[in-house]
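In: sequence-free structure coming up:
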């Protein structure tokens, strides 16, 4: 049979195999090993960083000539630029067809990035690490780049003064990058060189700042605001020192903002000012603000953002039921996703979930994970009204029992994905009944020991993915 199948047909079969079984085909024969490698277009590698790393990577990449997506991570975070540059040059040598590269093997130099731009001309997505000072003019060498992620490694110093590292006025005014998504991690208050980047990014749709203490160029926002027009999605993670300033500039300069995520940082006054002054049509809000988000913030959201379709709150300890009920009443016709993850208001105020369920009857996604004191009665009182749910997560809700599973079967006929991991009160027999009787179910996350052999067989016949 093997001799009857041409190489192209065997490769097509390999491409259709699930990830769990695709690696085993390489053990059949040398021919299959060769065909498996040449059919791979995506590869993720974790390297050790020892003396043999360069030789090993060179040998490995030579067997995968058609990679379009490559991820390389080094297990030793103390790797130096010299090793990272050697590894990146191997990518340049063997992976000319790359469209996406995630390279976290240490900080790389501007010269090696120039080599990458000359070799991999089709790159549209790039994730790399840099050391200070931040020379960024190499980005111009990637004309097709749409997504860029830069992580600034600790150590090194920024430049205290200068014109963006010698960028001439003519170069600065003429540069226009095609970037649509930009993620910066670890920017310091004293880092220079970002002003040029902000002024050149006029097509940004998504902006992410992670663990940043500044926006570059000595903390000046004058260049930063030039990239905000047209931005639709912003994520700010652990950026407490600059969050108020960024929110103010968003409220003043970004009418297109549709999605905002803020994790771990910000003043209550700055948040309230943004909610009160922002004129954009926000659709999605995602907050993890344990000590910053309060009731008055939710009331401001209820007043100004009635078109909200998604609200996610995580570990928001100071939120009360009054704010959530007001918000639920204001956005009842449009909210499709609600997450109250580890929010003790769920446990503090009996009847809250029931009220939210009655107001938010069009919910499609509900996440109540890690509310350990959530019990069946409260949960079931909400499910009665949530007939359109397709995605439900109650991971870590230790107070739920088999009764909740029965309620899910009765009330939520459209469920496609369910996460019931670490729900100690839910037993195997209830899960078997749920898998057998949920007509639309396609994915269930639960401990392996709670899935009976019969449930596994039934799930495979119905194309239900059981994930442990």
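Out: Nice, I can see it. This one's a predicted model, so the numbers in the text were calculated from it and none came from an experiment.

In: can you list the domain ranges for this protein.
Out: Following automatic domain parsing, the chain resolves into domains at 1-39, 336-468.

In: Point out the most buried one among the ones you listed.
Out: The highest mean neighbour count among the domains of the chain, using mean count of other C-beta atoms under 10 Å, belongs to domain 336-468: a mean of 18. Every C-beta, even on glycine, is put in place using the N, C-alpha and C of the backbone.

In: I'd like the distance from it to the chain centre, please.
Out: Offset of domain 336-468 from its chain centre (C-alpha atoms, centre = their mean, to the nearest Å): 23 Å.

In: Can you give me the end-to-end span of it?
Out: Using C-alpha to C-alpha, to the nearest Å, one end of domain 336-468 lies 27 Å from the other.

In: So, low pLDDT: which residues of this protein?
Out: In the predicted model of the chain, residues 1-5, 7-36, 77-80, 155-174, 218-219 satisfy pLDDT under 70.

In: if we go to 50?
Out: Scanning the chain with the threshold set as pLDDT under 50 gives 159-171, 173.

In: ok, back up a step: could I get the domains of the chain as CSV with distance to residue 210?
Out: What follows is the domains of the chain, written out as CSV (distance: least, C-beta to C-beta, whole Å):
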stretch, distance to residue 210
domain 1-39, 29
domain 336-468, 20
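
In: quick one: which of those is nearest residue 124?
Out: When the domains of the chain are compared by C-beta to C-beta, domain 1-39 sits nearest residue 124, at 21.3 Å.

In: in the stretch 201-350 of the chain, which spans are strands?
Out: All strands of the stretch 201-350 of the chain, identified by DSSP state E, counting those that start in this stretch, fall at 206-210, 233-237, 259-263, 284-288, 310-314, 337-341.

In: Out of these, flag the one nearest residue 86.
Out: strand 206-210 (27.4 Å).

In: Which secondary structure elements does the closest one sit against?
Out: strand 181-185, strand 233-237 (3 or more C-beta pairs under 8 Å, 6 or more residues apart in numbering; DSSP states H and E).

In: Paired strands for that strand, with orientation please.
Out: strand 181-185 (parallel), strand 233-237 (parallel) (DSSP bridges).

In: so can I have CSV of the helices and strands packed on strand 206-210 showing distance to residue 291?
Out: As requested, the helices and strands packed on strand 206-210 are exported to CSV (distance: least, C-beta to C-beta, whole Å):
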stretch, distance to residue 291
strand 181-185, 24
strand 233-237, 16
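
In: Serialize these to JSON lines and add fields for mean neighbour count and distance to residue 97.
Out: Formatted as JSON lines, the helices and strands packed on strand 206-210 follow (neighbours: other C-beta atoms under 10 Å; distance: least, C-beta to C-beta, whole Å):
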{"stretch": "strand 181-185", "mean neighbour count": "19", "distance to residue 97": "22"}
{"stretch": "strand 233-237", "mean neighbour count": "19", "distance to residue 97": "29"}
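
In: Show me the one of those strands that comes nearest residue 109.
Out: The nearest among these, by C-beta to C-beta, is strand 181-185 at 18.6 Å.

In: SS state for residue 56?
Out: helix (DSSP: H, G, I helix; E, B strand; the rest coil).

In: if I look at it, how far off is residue 46?
Out: Distance, residue 56 to residue 46, by C-beta to C-beta, to the nearest Å: 12 Å.

In: Which one of those two is surrounded by more residues?
Out: residue 56 (14 against 11; other C-beta atoms under 10 Å).

In: Next, the contact list for the more buried one, please.
Out: residue 47 (C-beta atoms under 8 Å, 6 or more residues apart in numbering).

In: I'd like the distance between it and residue 41.
Out: 21 Å.

In: Residue 358 too?
Out: Distance of residue 358 to residue 41, computed by C-beta to C-beta: 49 Å.

In: got it, and residue 248?
Out: In terms of C-beta to C-beta, residue 248 sits 44 Å off from residue 41.

In: before we move on, what about residue 429?
Out: In terms of C-beta to C-beta, residue 429 sits 43 Å off from residue 41.

In: Next: residue 410.
Out: Counting by C-beta to C-beta - residue 410 and residue 41 are separated by 45 Å.

In: And the helices in the stretch 301-450 of the chain, which stretches?
Out: 321-330, 345-348, 352-359, 376-383, 402-411, 428-437 (DSSP state H, counting those that start in this stretch).

In: between these, which gets nearest to residue 466?
Out: helix 428-437 (7.7 Å).

In: Contacts for that closest one, please.
Out: In contact with helix 428-437 (C-beta under 8 Å, 6+ apart) are residues 402, 405-406, 408-409, 418, 420, 441, 444, 446, 449-452, 454-455, 458-459, 464, 466.

In: So which of the residues you listed sit within strands?
Out: 418, 444, 466 (DSSP state E).

In: Chain neighbours aside, what residue packs nearest to the last one?
Out: Read it as residue 466. residue 459 (5.1 Å; C-beta to C-beta, 6 or more residues apart in numbering).

In: same deal with the second one?
Out: Across the structure, with C-beta to C-beta, 6+ apart as the measure, the residue nearest residue 444 apart from its sequence neighbours is residue 418 (5.1 Å).

In: Report the contact partners of the one you found.
Out: With contacts defined as C-beta under 8 Å, 6+ apart, the neighbours of residue 418 are 391, 392, 393, 408, 434, 438, 441, 443, 444, 445.

In: again, only this time at 10 Å
Out: 389-395, 405, 408, 412, 431, 434-435, 438, 441-446 (C-beta atoms under 10 Å, 6 or more residues apart in numbering).

In: Look up how far residue 442 lies from it.
Out: 10 Å.

In: Now for the two: what residues contact both?
Out: By the contact definition C-beta under 10 Å, 6+ apart, residue 418 and residue 442 are jointly contacted by residue 390.

In: show me where the stretch 101-250 of the chain has helices.
Out: Using DSSP H, counting those that start in this stretch, helices in the stretch 101-250 of the chain cover 110-119, 169-174, 194-200, 240-253.

In: Residue 291 - how many residues pack around it?
Out: Residue 291, neighbours per other C-beta under 10 Å, totals 11.

In: That one reaches residue 271, doesn't it?
Out: No - counting by C-beta atoms under 10 Å, residue 291 sits too far from residue 271 to count as a contact (11.6 Å).

In: who touches stretch 453-468?
Out: In contact with stretch 453-468 (C-beta under 10 Å, 6+ apart) are residues 18, 416-417, 419, 421, 428-429, 431-436, 438-452.
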